[in-house]
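Undergrad: Generate coordinates for the sequence data below:
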Amino acid sequence: MNRSAALPIVLICLGSVWFLKSTSLLPNTSTLLALLLAAAGVLLFIVDGFNKPTLITSPLLIYAGAAIYLYDNSGLRPSHLLSFGMIIAGLLMLLARSEQIPERSRRHSRLPPRDIEQ
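TA: From the prediction side, this is the model:
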């Protein structure tokens, strides 16, 4: 009988988070979300490398984490953070149009390689 390990893993994760939260070792939810978004942006750069998609996505993930942290701790209004985020996104999209920024490599492509007949 081959049983799934999903339920024990979920129980361990939920119990660990509950324990850390009840002992005040886990930061509040917005700080944790900000840290996770920023870490995801850095990890995406490390895993996927420097290319056009990561030039846009990674800094925006890092900015989203910073914006959540600033909104929660400094009291900035969402309109300020969103408008500045739009400016950053637009600048990154313009920068990604440059010919000097490499395209995504074939090894990271989701589509299978096409055979070109000659």
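
Undergrad: quick one: Leu7 and Ser16, what's the gap?
TA: Applying CB to CB, to the nearest Å, the value for Leu7 to Ser16 is 15 Å. Bear in mind the C-beta positions are built from the backbone N, C-alpha and C, glycine included.

Undergrad: what's the answer for Asp48, then?
TA: The spacing between Asp48 and Ser16, counted by CB to CB, is 29 Å.

Undergrad: more crowded one of those two?
TA: The neighbour comparison of Asp48 against Ser16 (other CB atoms under 10 Å) goes to Asp48, with 15 against 11.

Undergrad: Least confident secondary structure element in this protein?
TA: Using mean pLDDT, DSSP states H and E, the weakest-scoring helix or strand in the chain turns out to be helix 6-22, at a mean of 82.

Undergrad: next helix or strand past the longest helix anywhere in the chain?
TA: Ranked by number of residues, the top helix in the chain under DSSP state H is helix 52-74. Sequence order places helix 78-96 as the next helix or strand after helix 52-74, per DSSP states H and E.

Undergrad: if I look at the nearest residue to Ala38 once chain neighbours are set aside, how far off is Leu11?
TA: Spatial nearest neighbour of Ala38, chain neighbours left out: Gly65 (3.5 Å); criterion: CB to CB, 6 or more residues apart in numbering. The gap separating Gly65 from Leu11 is 28 Å, by CB to CB.

Undergrad: Of those two, which one has the most company?
TA: More crowded of Gly65 and Leu11, by other CB under 10 Å: Gly65, with 21 against 10.
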